[in-house]
Structures are given as structure tokens and as C-alpha cells.
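Asks: fold the stuff below for me.
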Amino acid sequence: MESKQKNCLSVMNHKISLHKKLFSANEKEVIYTLKNISKKKYFELVTNLIDLFAKSTSKNIKNEVFNILINLKDNNSVKYFMEGLIKQTDANVRLQLISACWQNGLNYSPYINYFIEIICNESITHAIEAYSVIEMNYMKLDEKQLSIFKENVKKLKNQSSGENLKLLIEVESLVC
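Replies: Reported below is the predicted structural model:
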């Protein structure tokens with residue numbers, strides 16, 4: 001039991017160390033750390049990666065982080081991805097993150113209503129990316145979830161207008 005606790009503590013300390021290195025002023029150290037994270041698949045650090053993506057001014061760092069985000073393959077990372085996406089307010093960052101959601105192909109069905117809200121409340125470019133996420137995930141909903149989603153789409157459709165309304169109509173025809 002003591003050995004297991006030491007191992008757990010060691011892993012936790014390693015992740016804390018990685019987190020510190022992610023936000024280093026040394027670009028080479030950050031890139032090296034990103035490559036290490038990419039190989040080890042630390043899904044718990046996805047929120048931190050999104051923060052780094054949003055805050056970094058380095059094109060190399062942004063490209064490396066985006067590459068990690070679009071190549072995520074563990075559905076356990078979805079929760080952390082969504083935490084990072086939801087707290088982002090920069091429109092350009094949000095657009096890229098929403099795009100990464102459909103590109104990585106993970107299961108975002110538990111958050112499908114969040115993406116329908118994006119269609120209603122954000123720019124048409126954001127809405128198109130969110131539509132792609134919905135298109136890839138609505139069939140993962142069970143019957144009850146799908147029914148709730150359909151009702152939500154109908155309700156929101158009655159409150160929307162313009163280009164985004166056309167996209168909501170597309171969502172409705174997709175799921176009905």
C-alpha cells in the first residue's frame with residue numbers, strides 16, 4: 001500500500017512539474033514539455049494546454065498545442081477540454097477550439113446542448129464549427145437524450161434569426 005501511495009505521489013509531482021514547464025518563459029522548454037505530454041497522453045492537462053494556447057504569443061507553441069488537441073484520442077480528456085473551452089472568451093481561440101472538437105473525433109455528446117447554444121449565440125463561423133461537432137455526436141445520444149435535444153433545438157429555433165437560424169433548421173432536419 002505504501003508503495004502505491006509513493007507511486008501516486010510521484011506521478012502527481014511529475015504532472016505539477018510539467019504544468020510549471022508549460023508556462024515557462026523558455027520557448028524551447030515549453031515545446032519539449034509539449035512533446036513529452038503528447039507522448040504520455042496526460043489528459044488531465046488538457047485544460048492547461050488550452051490555457052497555454054490562449055495565452056501564448058508564440059506561433060510554434062500554439063501550433064504544437066493545437067496539434068495535440070486535434071490528436072486527442074482518449075475520451076477521458078473531453079471533460080477537461082470542455083472546461084477549457086467554456087472558460088475561453090477570445091473569439092479566435094474559441095473558434096479554433098470548437099474546430100478541434102470535431103477534428104479529434106472524441107465523444108462530445110454529453111455537451112451537445114452547449115454546441116447548440118454556440119450556434120444560437122455566436123458568429124456564423126463558430127456556428128458552422130459547432131454544427132460539425134453536433135453532426136458527429138448526435139447519434140451517440142440515447143433516445144431520451146435525443147428527445148431532449150430535439151426539444152431544445154425547437155425551442156431555440158423559435159428564438160433565433162438570420163444565418164444562424166438556417167443552421168438551426170439544418171440541425172433540426174439532421175436529428176429528426
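Asks: and the helices in this protein?
Replies: Shown for the chain, the helices assigned by DSSP state H span residues 2-22, 27-40, 46-55, 59-70, 77-87, 91-104, 112-121, 124-137, 143-157, 162-175.
Asks: now the angle between helix 59-70 and the third one, please.
Replies: Angle between the axes of helix 46-55 and helix 59-70 is 150 degrees (criterion: axes from the mean of the first three to the mean of the last three C-alpha atoms, to 10 degrees).
Asks: average pLDDT across helix 46-55?
Replies: Average pLDDT, helix 46-55: 97.
Asks: may I have that helix exported as PDB, CA atoms only?
Replies: Taking C-alpha atoms only, helix 46-55 is exported to PDB below (Å, rounded to 0.1, in the frame of the first residue of the first chain):
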ATOM      1  CA  VAL A  46      -5.800  19.400 -21.500                       C
ATOM      2  CA  THR A  47      -7.300  22.400 -19.700                       C
ATOM      3  CA  ASN A  48      -3.800  23.700 -19.000                       C
ATOM      4  CA  LEU A  49      -3.000  23.200 -22.700                       C
ATOM      5  CA  ILE A  50      -6.000  25.200 -23.700                       C
ATOM      6  CA  ASP A  51      -4.900  28.000 -21.300                       C
ATOM      7  CA  LEU A  52      -1.400  27.900 -22.800                       C
ATOM      8  CA  PHE A  53      -2.900  28.000 -26.300                       C
ATOM      9  CA  ALA A  54      -5.000  31.100 -25.400                       C
ATOM     10  CA  LYS A  55      -2.200  32.900 -23.600                       C
END
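Asks: no further queries at this time; thank you.
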